[in-house]
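In: structure for the following, please:
(2 chains)
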Amino acid sequence: MTLVLDGITRVFGPVRALDDVSLTVGPGECRALYGGNGSGKSTLAKIASGTLAPDTGRVLVDDRPLGRADPARARSLGVGMTFQELSLIPLLTAGENVVLTDMPGRAGLLRDTARADQMAQAALAPVGLAGRRDLPVSILQTGEKYLIELAKALQSRPRWLIIDELTATMHASEVDVFAGLLADHLAQGGGALFVSHRLPELRRFCDTISVLRNGKLVFDGALAGVGDDELVKWAGGGHRDAPALMAPARDGEVRVKAKAIRPLPHAQPLDLDFRAGEITGIGGLPDQGQKQVLRLLAGLRAPSPGESVSLDGETLPLGSAAAMAAKGISFVSGDRDEMVFAPRSIRENMLAPFAAMRGLKMPSDAEITAALERLSTRHAGISRPIGGLSGGNQQKILVARCLLLNPRLILAEDCTKGIDVAARNDVHHLLRELAHVQGTTVIVTSSDDQELAELCDRVLVLDGGRMIAELARAEGRLDAQAIVSAYMKQERAA
Amino acid sequence: MMLRQIWSHSSFPAGVLAALALIFALSVNPGLLTTGSMIGWSTSQLGLWTAVLGQTLALMGRGIDLSIGSAVSLVNVSAIALFEAGWPLTAVVPATLVLGLAIGALNGALVGGLRLNPLLATFATSFVLLGLALQIRPAPGGMAPMPAVMFLNGASWGIPNAMLLFVLVLLLWALIAASLFWIRLRAVGTDPVRAWNSGLPVQWLKFGSYTLAGLFTGLSGLFVTLCVGAGDPLFAQPYTLLTIAGAVIGGVALNGGSGSGYGAVLGAVFVGLTSDIALGIGISPFFQQLIVGCVLLVGLAIVVLSGRWLQQKSNAALITASAHRGERA
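Out: As a prediction, the model looks like this:
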């Protein structure tokens, strides 16, 4: 009774994504699959779940071979997977999604809606979302979607669970729900392969670990025996320790004045100021208006009546992303579906904002390469499609683009989502440099409170569109615990 | 609650358009409500109404069927040829349905099996099918058995038999819409990769959607044969684009996954009525195409714009409703 991956090799074009990797997961074992961006973790997870076939090597599920790429067969053998990019169909309801593959039928043809609803309710109750089963997935919040993805994977009662970056955008309370379900799964003799970048979570959930580096297995053993330093070193860069704080924020002049903005439709109007050379984080429970603030400033959300924003004293044309970009505002999101022109080259992706605006000088290839160097981005030439790179490297390119644009204001929306520690440090380093050396105003949101605490000079905590706390590093009040207690206090009071 | 569900339905705008067109048509020509006129109208539209359901199946799985017009024509001339060869109606009916299924299976094998681009694959088969139809009957002619033709051009209890038959077609559609196949096809149409990752047999479902579309093509060809009473290799050619226009106006998404067969039928009713009205108010035939085209454009714009707005409203209503029920996680 084991899940065995034996001598897996997989080649994509010129890249050897996996090179003779073997690992085993036994009953009751939660094995961490860890490695830097592009180390082959996701590829291996997909091979284990039958969505991708290995070039050589084999997958054995309880001694039965998986064969060619066939998720349906893997599922029937008892493998369940949660996908980083989700396998939920946006137009169907949460309930329909959860039971989609095992939809009960009458005479094998017609849907048995009553029984499907019961099954959906039973599957969604453990994640606390049974009440949402009639809503289309497209309108749910991100964390909820990932919990539904988990419920969907568990619905077929798999013995082996492959979890790819499920918790990356989950909030602490949602991670707790996941932790409970995982513990039950392991207690019942199931096994799990847990792919994540978050070291605290690996330590919390896993006993054993397999570490990949550039497609090769570099470590296999007990997690307790390895330190965080070693793990970070394996993950890639490693040459840089936990990001050292650079010069404290300069006491810059107020650059961005947001007046009477409403983060959520029915919230009280809010006035916010952002200074030059300052990194401001906007935190809180998921979807409390963080995104709406950022998107208003990016021109990606139509302004509500009364909302106005000025940059260096000049009133901004809200509601137009192009006009805002022309004023020197750069937006970068961790949602690569929204940001990246996947089939186009790295160069074209870097130049896209320059092509969109008149009067800008196009950077030369040398400048592009230099910008990528500064983020130590791995690529096989800037003429190659960006879609061929790992998510983390794509993300670095999007940030490097801001470097070329040299904007007055950078808006970063969960911009390190799903990328490894080393890459995250690179991104943080760059944002700090932009703020503290070049005097750029930086505003970030993140689902990771630790990240906000590490990166920002000041964190605003939102709840229901209201600002409930302002934590400044200068006042020594900024750490992850302070952020959490700010919104938890609020939740308890409510 | 009930009201919200009605206006938020993807076929609601098409229903309003069809109703408006019907009212306008009646005001132009009040005689339209007589049984005789209703028979004339329904027999001229029955083939289109049925074929649009086939197009809906293809569109739902993120495909498209450009061969529907030719397929209906081929079924039509084949049926007439079989009648002329002395086959009885009881043999010709199943034969036409089998022919329709076979044409659908061919398209399905090309799109689902060989994974050819649906636009190009069905564009190519449309010429193959049209060529075969022209081989069988180069010019209009032939005759279907009179009793059957009389039946379709008749009425029971004051309702045209063609309409009653179409009710049966809609019942068949209701079965499909309630099937496991349908929800899986919607999943495939919305996002084939995610559907595959979920363990659904994506290529088989695409094959199935075209094959089942073929059943409606066969029915449509049979109805055309019995309504018109003759074979014509070019009669149903406009169906290809009319079914696409009807389905899209009826709220079926061109990129798959959303919409309903009933909406598509309402869209096809609207499309059919616009030409009837243009004819009825005596517009010069030289302007007719222009007017019909403009009305279709306006209809399409209304459907797309109002659909977007209604979707937002209904999403907001859904979220509010679930929050009110205290079901927030």
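In: what does chain A have sitting close to chain B?
Out: Where chain A comes near chain B, counting by Cβ under 8 Å from any Cβ of the partner chain, the residues are A:51, A:71-72, A:74-75, A:81, A:83, A:86-92, A:96, A:100-101, A:103, A:105, A:108-111, A:127-132, A:134-136, A:138-139, A:144, A:147, A:152. Placement of C-beta: from N, CA and C, glycine included.
In: which of the residues you listed fall in strands?
Out: Mapping these onto strands (DSSP state E) picks out A:81, A:105, A:110-111.
In: for ChimeraX, what selects the buried ones among those?
Out: Of these, the buried ones can be selected in ChimeraX as follows, counting by 16 or more other Cβ atoms under 10 Å in any protein chain shown:
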select /A:81,110,111
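In: a markdown table for the ones in strands among the residues of chain A next to chain B, including pLDDT?
Out: Converted to a markdown table, those look like this (pLDDT from 0 to 100):
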| residue | pLDDT |
| --- | --- |
| A:Met81 | 94 |
| A:Gly105 | 86 |
| A:Leu110 | 89 |
| A:Arg111 | 89 |
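In: am I right that A:Ala258 sits in a strand?
Out: Yes. The assignment for A:Ala258, made by DSSP: H, G, I helix; E, B strand; the rest coil, places it in a strand.
In: and it, what pLDDT?
Out: Looking at A:Ala258, its pLDDT stands at 91.
In: that one contacts A:Leu272, correct?
Out: Yes. With contacts counted by Cβ atoms under 8 Å, A:Ala258 reaches A:Leu272, the gap being 4.4 Å.
In: neighbours around B:Gln84, how many?
Out: Heads up, residue B:84 is Glu, not Gln. Counted by other Cβ atoms under 10 Å in any protein chain shown, the residues lying close to B:Glu84 total 14.
In: one more: B:Leu254?
Out: Applying other Cβ under 10 Å, we find 11 residues neighbouring B:Leu254.
In: any idea how far chain A is from it?
Out: B:Leu254 sits 14 Å away from chain A, going by Cβ to the nearest Cβ, to the nearest Å.
In: who's in contact with that residue?
Out: Neighbouring residues of B:Leu254 by Cβ atoms under 8 Å, 6 or more residues apart in numbering or on different chains: B:59, B:64, B:248.
In: the same query, at a cut-off of 7 Å, please.
Out: B:59, B:248 (Cβ atoms under 7 Å, 6 or more residues apart in numbering or on different chains).
In: cool, and A:Gly334?
Out: The contact partners of A:Gly334, by Cβ under 7 Å, 6+ apart, come to A:395, A:413-417.
In: let's see it at 6 Å
Out: Residues counted as contacts of A:Gly334 (Cβ atoms under 6 Å, 6 or more residues apart in numbering or on different chains) are A:414-415, A:417.
In: also A:Leu202?
Out: Counting by Cβ under 6 Å, 6+ apart, A:Leu202 has contacts A:32, A:196.
In: which SS class is it?
Out: Following three-state DSSP, the label given to A:Leu202 is helix.
In: just the pLDDT at it, thanks.
Out: Looking at A:Leu202, its pLDDT reads 88.
In: measure how buried whichever residue of the stretch 251-400 of chain A sits closest to chain B is and give me the count.
Out: Using Cβ to the nearest Cβ, the closest approach of the stretch 251-400 of chain A to chain B is made by A:Pro265 at 9.1 Å. By other Cβ under 10 Å, the residues close to A:Pro265 number 10.
In: quick check on it: phi, psi?
Out: The phi/psi pair for A:Pro265 (degrees, to the nearest 10) reads phi -50, psi -40.
In: any idea which element residue 300 lies in?
Out: In the absence of a named chain, this looks at chain A. Element membership for A:Leu300, per DSSP states H and E: none, as it lies in no helix or strand.
In: wait, I meant chain B there
Out: Using DSSP H and E, B:Leu300 maps to helix B:285-324.
In: what's that helix packed up against?
Out: Packing partners of helix B:285-324 (3 or more Cβ pairs under 6 Å, 6 or more residues apart in numbering or on different chains; DSSP states H and E): helix B:12-28, helix B:239-249, helix B:261-280.
In: can you check which of those gets nearest to chain A?
Out: Chain A lies closest, by Cβ to the nearest Cβ, to one member of the helices and strands packed on helix B:285-324: helix B:261-280, at 14.7 Å.
In: how about the CA coordinates for the closest one, as PDB?
Out: This file holds the C-alpha atoms of helix B:261-280, laid out as PDB (Å, rounded to 0.1, in the frame of the first residue of the first chain):
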ATOM      1  CA  GLY B 261     -31.500  25.100 -25.900                       C
ATOM      2  CA  TYR B 262     -34.700  26.900 -25.100                       C
ATOM      3  CA  GLY B 263     -32.900  30.200 -25.400                       C
ATOM      4  CA  ALA B 264     -31.500  29.100 -28.800                       C
ATOM      5  CA  VAL B 265     -35.000  28.300 -30.000                       C
ATOM      6  CA  LEU B 266     -36.300  31.700 -28.900                       C
ATOM      7  CA  GLY B 267     -33.300  33.200 -30.800                       C
ATOM      8  CA  ALA B 268     -34.100  31.200 -33.900                       C
ATOM      9  CA  VAL B 269     -37.800  32.300 -33.600                       C
ATOM     10  CA  PHE B 270     -36.600  35.900 -33.500                       C
ATOM     11  CA  VAL B 271     -34.300  35.400 -36.400                       C
ATOM     12  CA  GLY B 272     -37.100  33.800 -38.400                       C
ATOM     13  CA  LEU B 273     -39.600  36.500 -37.600                       C
ATOM     14  CA  THR B 274     -37.400  39.300 -38.700                       C
ATOM     15  CA  SER B 275     -37.400  38.100 -42.300                       C
ATOM     16  CA  ASP B 276     -41.200  37.400 -42.100                       C
ATOM     17  CA  ILE B 277     -41.800  40.900 -40.800                       C
ATOM     18  CA  ALA B 278     -39.600  42.500 -43.500                       C
ATOM     19  CA  LEU B 279     -41.600  40.600 -46.000                       C
ATOM     20  CA  GLY B 280     -44.900  41.400 -44.300                       C
END
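In: how about residues contacting it?
Out: Helix B:261-280 has contacts (Cβ under 6 Å, 6+ apart) with B:10-11, B:14-15, B:17-18, B:21, B:25, B:28-29, B:45, B:48-49, B:52-53, B:56, B:173, B:242, B:245-247, B:249-252, B:288, B:291-292, B:295.
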